[in-house]
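Colleague: what follows is a predicted structure for the sequence shown.
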Amino acid sequence: MSQHQEKARIIRFEQLSDDNIRLTLHAPLIAETAKPGQFVMIKTGAGKDPLLRRPFSLHQTSSNGQIQIYFKNVGRGTSILAHSKVDEDLDVFGPLGRGFEIYLDKPACLVGGGLGIAPLLFLAKKLYRSTKDNSRDLIILGGRSRQEVEPLVEDFQQFGIAVRCITDDGSYGMKGFVTDVLKSERVVENGEVYACGPDPMLERVYEICLQKHAGCQVSVESVMACGMGACLGCNIPATDGGYLHVCIDGPVFRAEDLVWSL
């Protein structure tokens, strides 16, 4: 698959909560070829600080050449982006990695935890526009508090797919974890689960999928330096005894291909 390096102009800046921000960028070459689950590498500063690009999942793309990223202000790179302005240009490289494989003959269940919600909007749009029957599909969104979940709920609801929300502290939706909802839903049985979030969440999701005979794809979050498999900094153990690179073999994997502590 082709990758492109673009000077992407910031079209829209949205402060969705105290720390969470969404940027809309004009990057037509990336938007045209991107698939749900892929990511981009962005140079966040004009100079050498920070030196390395930062990875961001593709939150959404549009037919008019726009892409979106959704992130939390947690460090040097994201702090620079959090103070960016409309009409500024960012150096963006992508799309990178392997995305989700969509099965049109099975019910789909999307499970996002925290920032893991971000790439699932792109996937939900793809499912909505596909030929599959979306009446059996389900979206489960969870986070520690209202601020991590509520800002994106309406974006998911626009597709007409059922949405369940849950927070650790009960400040929005049910109180608990996304896995509490997942294990109680019959739609998961013999369906396909697409999950993104912290590793402990993904492990529990996979365990439930095994119990319900559901397929399971997981989007793994990892620190990356290059995004192209050159630095070997995002290796994870595989069930065949070797290692996989999150940046080129993933970030989306079949859960059974990874080593878990089950």
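Modeller: On my side now, so go ahead. Numbering: from 1, shown residues only.

Colleague: where does the stretch 101-250 of the chain dip in pLDDT?
Modeller: 225-229, 232 (pLDDT under 70).

Colleague: the helix or strand where residue 24 lies: how far from the chain's middle?
Modeller: Using DSSP states H and E, residue 24 falls within strand 20-26. Offset of strand 20-26 from its chain centre (Cα atoms, centre = their mean, to the nearest Å): 14 Å.

Colleague: continuing past it, what's the next helix or strand?
Modeller: Strand 20-26 is succeeded, C-terminally, by helix 28-33 (DSSP H and E).

Colleague: residues of that next one that come out buried?
Modeller: By neighbour count on 16 or more other Cβ atoms under 10 Å, the buried set for helix 28-33 is 28-31. Every C-beta, even on glycine, is put in place using the N, C-alpha and C of the backbone.

Colleague: repeat for stretch 10-24
Modeller: 10-11, 13, 17, 20-24.

Colleague: need these in CSV (columns: pLDDT and distance to residue 234).
Modeller: Output for the buried residues of stretch 10-24, formatted as CSV (pLDDT from 0 to 100; distance: Cβ to Cβ, whole Å):
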residue, pLDDT, distance to residue 234
10, 97, 27
11, 97, 30
13, 97, 29
17, 91, 28
20, 95, 24
21, 96, 24
22, 98, 25
23, 98, 23
24, 98, 27
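
Colleague: quick one on the thing from earlier: among the buried residues of helix 28-33, which one sits closest to residue 72?
Modeller: Taking Cβ to Cβ as the measure, residue 72 lies nearest residue 30 of the buried residues of helix 28-33, at 21.8 Å.

Colleague: residue 121 and residue 59 touch, don't they?
Modeller: Yes. Between residue 121 and residue 59 there is a contact under Cβ atoms under 8 Å: 5.6 Å.

Colleague: between those two, which one's more packed in?
Modeller: Neighbour count, other Cβ atoms under 10 Å: between residue 121 and residue 59, residue 121 has more, with 25 against 21.

Colleague: quick one: residues contacting the more buried one.
Modeller: Contacts of residue 121 were listed using Cβ atoms under 8 Å, 6 or more residues apart in numbering, and they are 59-60, 70, 152, 155-156.

Colleague: if we use 10 Å, what do you get?
Modeller: Counting by Cβ atoms under 10 Å, 6 or more residues apart in numbering, residue 121 touches 22, 36, 57-60, 68, 70, 110, 112, 139, 152, 155-156, 158-159.

Colleague: same question, residue 258
Modeller: 199, 202-203, 206, 218, 220, 236-239, 244, 250.

Colleague: longest strand of the protein?
Modeller: Ranked by number of residues, the top strand in the chain under DSSP state E is strand 4-15.

Colleague: may I have the strands that pair with that strand, each with its orientation?
Modeller: Strand 4-15 pairs in its sheet with strand 20-26 (antiparallel), strand 89-96 (antiparallel), by DSSP bridges.

Colleague: among the ones you listed, which is nearest residue 164?
Modeller: strand 20-26 (20.2 Å).

Colleague: how far off centre is stretch 167-177?
Modeller: 21 Å.

Colleague: what's next to that stretch, contact-wise?
Modeller: Stretch 167-177 has contacts (Cβ under 10 Å, 6+ apart) with 113-114, 140-150, 153, 163-166, 178, 180-181, 183, 197, 200-201, 204.

Colleague: give me the distance between the two termini of it.
Modeller: Start-to-end span of stretch 167-177 (Cα to Cα, to the nearest Å) is 6 Å.
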